[in-house]
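Enquirer: fold the following and give me the result.
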Amino acid sequence: EAIVLAGMLRQGFVSVPAVMFEHPGRRAMVEHWEHHGVRIGTADVATIQAFAGKHATEEAMADMEAQDPNAAIPVRFRDACADLKKRHKEVSAIENAAKVQADFDKGLLPPGAVAEAYQRLQDAQADEVPIKTAGLAFQSMLTEARKYQGKAHLGLSVSTTPLFSARLDGFRGLGFMAGEPGTGKTSLAMQWAMDAAETNTDAVVVVLTCEMSANEVMAMTTTRLTGLHYLDLMKGTEKGSLDAATGLKQKPGDIERLTKAQGMVEALMERFLVVTPDDFGGAFLGRGAAGRDLFAPVLDMIRRAMEATGATRSMLVVDSLQSLPIAEPESGSVTGWRGGDGMERDRYTIAGLNALTSKVDAVLVVSEQAKSTQGKVQVTAMLGTGRSGYAADFVIMLSDPTTYTEGGADGDAARAKHYEQGYRLVYATIVKGRAGMNRGAELLHFMIHEHKFGEGAAK
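Expert: Numbering: from 1, shown residues only. Below is the predicted model of the structure:
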C-alpha cells in the first residue's frame, strides 16, 4: 500500500481507489485526495488526522517516504498496484460469498446464487495472467542486451574450443547434445562445463550427473587437466613413489600436475558444482502442471551459489536426458509413467527443462542417439520421441568424419589406427540454432584416455 501511495503521488493521479486500502491512515489520505482532487500536502495532515488519528497518519506518511525509492521503479509500482487490486477483489469475493451463503441459509436466495458467489470467489483467488505490452518486452530485451555489451559472445564462452564457441556464439537457452556411443559426449560436456566456469568469471556452472558419481566426474576432469591416464590416476603408477602429502603413488612431475589441477578446481569454489540426483533426495518430482518447479531444488542451489559468489549468469549441464530420474507426478514412480508412456515422460521433462531457461542462462543436456538414426546428423536423430530437438534453442550432433565412414575397410583401418594412438576424430555439428548461431560443423579430436577435446585433427 505504501508503494502504491508513493507511486500515485509521483504520477499525480489516483490509480487505485481509497476503498482498496486497508490501513486507516493511507485510506484517509486517498479519500481526501479523491474528495478534493488535489495531492496531499502538509496543510492537509491535520484534516487527515481528524479522520484516521495521529498515529495512523504519521505511520502512513513515514511508510510512504520509506517506500518512495521502490515506487520510483515502474515495474515495482505496477506490481504493487496489481497485488493491491487482486487482494481487494479476493476480500470482496469472500465477503460476498459469506453474505450470499447467509441469505441462502435463511431461504432468501436460490442455490444458483450460492454457486455463482463461490465461482466468483474461485476466480478472484486464481492467479491472473499479467498484461505484457510490447513496450515491456522492449525494456526486457534491453536489460538482456546490457548483460552482454562488450562480451565476446552472446552466451557463455568456452575457450578450449574457440572456433565452435564462436560458431555457437556462446551457450544460451536450452540445448541438447547427442551422438553415437564412443563419440565422447560426456567428456565434451564436462570439459565445456569447467571451461565455462573458468572463462566466464561472472557465471555459476552446475553439473547434474545422473550416470556417474561426482568422484567419477572429477576423475575425468582431472585426467583432462593433468594428462594422466585414468587408471594411473586411480591406481598409481609402477615407477611412481608414494607421496606423503597426497597419499598417491605418482611420479614427482605428476604430483605437481595434480597439485596444479587441484588449485584450479578449488579456485572456482561455488562457481563450479558437481551434483547427483541423490543430493536432492533422488527422483525429481514436479509440482503443478507441465513440469512447473520440476528442478526447484537445483534452481535453489544455483541461486545460493550465485548469491555467495556475486555471479550474474548461470549454466546447468545435465548428463543425461535418458538417465534423469523424473518421477510420474501421480504415482511418484520413476518407471511407472502411465503404463510406460515414454511420450508423456518426454513431454513432462521437456516442459521442465524449458521452464529452467527463464531462470538459468544456459542448459546443456546430453542425450543418446537412436540406433535407427546412427550415421545421420539431424535434429530427429536424438533418442526419444523426436520432440526434444524441436523444443531446444540449439542441437549439437557428434558424428564420425568421412575419414571413418567412407572407404569401407580403409575407413575402419583409419579409425583403428587412431584408436591405437589414443584419439579419434569427431565432427561437432550445430544442426539447429537460434538467432546469432551459425549452423555447421567443426572438426574436433578426442584424446580418449585424457577425456580431452581439441579443435582440428590431432597433432
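
Enquirer: can you tell me the element F176 falls in?
Expert: strand 173-179 (DSSP states H and E).

Enquirer: partners of that strand, with directions?
Expert: Sheet pairing of strand 173-179 (DSSP bridges) gives strand 362-368 (parallel), strand 394-399 (parallel).

Enquirer: so which of those is nearest R303?
Expert: Closest approach to R303 among the strands paired with strand 173-179 is made by strand 362-368 (15.1 Å; C-beta to C-beta). Placement of C-beta: from N, CA and C, glycine included.

Enquirer: output that closest one as CSV, nothing but the C-alphas.
Expert: What follows is strand 362-368 as a C-alpha-only set of coordinates in CSV (Å, rounded to 0.1, in the frame of the first residue of the first chain):
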residue,chain,number,x,y,z
ALA,A,362,22.2,-21.9,-20.5
VAL,A,363,21.0,-25.5,-20.1
LEU,A,364,23.0,-28.2,-21.9
VAL,A,365,21.5,-31.7,-21.9
VAL,A,366,23.4,-34.8,-23.1
SER,A,367,21.3,-37.3,-25.0
GLU,A,368,21.8,-40.7,-26.7
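
Enquirer: how about residues contacting it?
Expert: 155-156, 170-178, 181, 185-186, 189, 192-193, 196, 314-322, 353, 356-357, 382-384, 388 (C-beta atoms under 8 Å, 6 or more residues apart in numbering).

Enquirer: restricted to strands, list these.
Expert: 173-178, 314-319 (DSSP state E).

Enquirer: these into TSV, with extra columns for distance to L444 and pLDDT?
Expert: As requested, these are exported to TSV (distance: C-beta to C-beta, whole Å; pLDDT from 0 to 100):
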residue	distance to L444	pLDDT
G173	22	93
L174	22	94
G175	17	94
F176	18	93
M177	12	94
A178	15	91
S314	26	97
M315	20	98
L316	23	97
V317	18	97
V318	21	96
D319	18	93
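
Enquirer: now, the most widely separated pair of those residues?
Expert: Maximum distance among the ones in strands among the contacts of strand 362-368 (C-beta to C-beta): 23.1 Å, for A178 and S314.

Enquirer: who has more neighbours, those two?
Expert: Using other C-beta atoms under 10 Å as the criterion, A178 and S314 rank with A178 on top: 29 against 25.

Enquirer: ok, that one touching T380?
Expert: No - using C-beta atoms under 8 Å, A178 is not in contact with T380, being 10.3 Å away.

Enquirer: find residues that contact each of these two.
Expert: Common neighbours of A178 and T380 (C-beta under 8 Å, 6+ apart) do not exist.

Enquirer: and the contacts of strand 362-368, which are buried?
Expert: 155-156, 170-178, 185-186, 189, 192-193, 196, 314-321, 353, 356-357, 382-384, 388 (16 or more other C-beta atoms under 10 Å).

Enquirer: check contacts around K235.
Expert: So K235 contacts nothing (C-beta under 8 Å, 6+ apart).

Enquirer: wait, is A244 part of a helix?
Expert: No - under DSSP: H, G, I helix; E, B strand; the rest coil, A244 falls outside any helix and is assigned coil.

Enquirer: for it, give its distance to I255.
Expert: Distance, A244 to I255, by C-beta to C-beta, to the nearest Å: 10 Å.

Enquirer: neighbour count for these two, which is higher?
Expert: Using other C-beta under 10 Å as the criterion, A244 and I255 rank with I255 on top: 18 against 6.

Enquirer: can you pull out the helices in the stretch 201-350 of the chain?
Expert: 214-226, 230-235, 252-268, 296-309, 342-356 (DSSP state H, counting those that start in this stretch).

Enquirer: do I have it right that K147 meets A203?
Expert: No - between K147 and A203 there is no contact under C-beta under 8 Å: 10.9 Å.

Enquirer: so what sits against both of these two?
Expert: Contacts common to K147 and A203, judged by C-beta under 8 Å, 6+ apart, are 312-313.

Enquirer: is F176 bridged to anything, and to what?
Expert: V365, V395.

Enquirer: contacting residues for it?
Expert: With C-beta under 8 Å, 6+ apart, F176 has these contacts: 321, 364-367, 382, 388-389, 392, 394-396.
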